[in-house]
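3D model of this:
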Amino acid sequence: MNPLTMTQLVILLWSALILGPQTDRANGTRNLCSESVPSEIQRRLREEYPSWQIQKPENLSPRARGRWQSEKPLTCPGIAVGRFEKTTMSSYALLLVPVEHSDAGYRFLIFTQKSGETGYDGRLVDRLDGSGAANYFVRSVPISKFFDEASRRKFQAHEPEGVLLIDAAEKEYEVDVYFWSEGRYRHEPLDY
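Next comes the predicted model:
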């Protein structure tokens, strides 16, 4: 067997870095769009949303994919992890799209660990029943980036983080921040 040349080695490493997280188990590589979610949440998604999947890079429109990549993502476009509901508990915001026709709508869910327990409470916080889902992705964000102290008091936004739901469609650019306030998730449009 011939040893790899330096050029071949660089190409292999570059391909693994760029393509690795976006491929699936069928190709024998990791899929960050499912493996970065706790197994209990994965089980609930299979049971409660069997015809839905987490938004993946390959489901995004070219414009949305470019916008998502400009955010320098560390996870997939359908997952945001943070302290959205309880300061000490992790939450998982998931953007689901249909398995068959991934642009035909979305379900935006947030799962938060139960206090003192191992389970998760799940909430449907938004939905789209129509085309355009290929333009959406989510990411976590510090609330302080958008709300100063007076705004935090006004909106009762006391948790450290929120979720951005970004619509990167060509003719309409919309960003909403979702945040926990007075026992429920609220959202406000942003200039972002």
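
got the CA coordinates for stretch 169-189 in CSV?
What follows is stretch 169-189, C-alpha atoms only, in CSV (Å, rounded to 0.1, in the frame of the first residue of the first chain):
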residue,chain,number,x,y,z
ALA,A,169,-35.8,34.1,3.0
GLU,A,170,-34.7,36.3,0.1
LYS,A,171,-37.6,38.7,0.1
GLU,A,172,-38.3,38.9,3.9
TYR,A,173,-35.7,38.8,6.6
GLU,A,174,-37.1,38.2,10.0
VAL,A,175,-35.5,37.3,13.4
ASP,A,176,-37.6,36.7,16.5
VAL,A,177,-36.1,36.1,19.9
TYR,A,178,-38.0,33.6,22.1
PHE,A,179,-37.6,34.0,25.9
TRP,A,180,-39.1,32.7,29.1
SER,A,181,-41.4,35.2,30.8
GLU,A,182,-44.0,34.8,33.5
GLY,A,183,-44.4,31.0,33.0
ARG,A,184,-44.4,30.8,29.2
TYR,A,185,-42.4,31.5,26.1
ARG,A,186,-42.8,34.9,24.5
HIS,A,187,-41.3,36.3,21.4
GLU,A,188,-40.3,39.7,20.0
PRO,A,189,-39.2,40.7,16.6
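
so which bits of that stretch are buried?
Val175, Asp176, Val177, Tyr178, Phe179, Trp180, Ser181, Tyr185, Arg186, His187, Glu188 (16 or more other Cβ atoms under 10 Å). Where you see a C-beta, it was placed from the backbone N, CA and C, and this is true even at glycine.

in what helix or strand does the second one lie?
Assigning secondary structure by DSSP states H and E places Asp176 in strand 173-181.

give the rounded mean pLDDT of that strand.
Strand 173-181 carries an average pLDDT of 90.

which elements pack onto that strand?
Here strand 173-181 touches strand 161-168, strand 184-189, going by 3 or more Cβ pairs under 8 Å, 6 or more residues apart in numbering; DSSP states H and E.

list the helices and strands the first one packs on?
Put plainly, it is strand 161-168. helix 62-70, strand 79-82, strand 136-142, strand 173-181.

go with 7 Å
helix 62-70, strand 136-142, strand 173-181 (3 or more Cβ pairs under 7 Å, 6 or more residues apart in numbering; DSSP states H and E).
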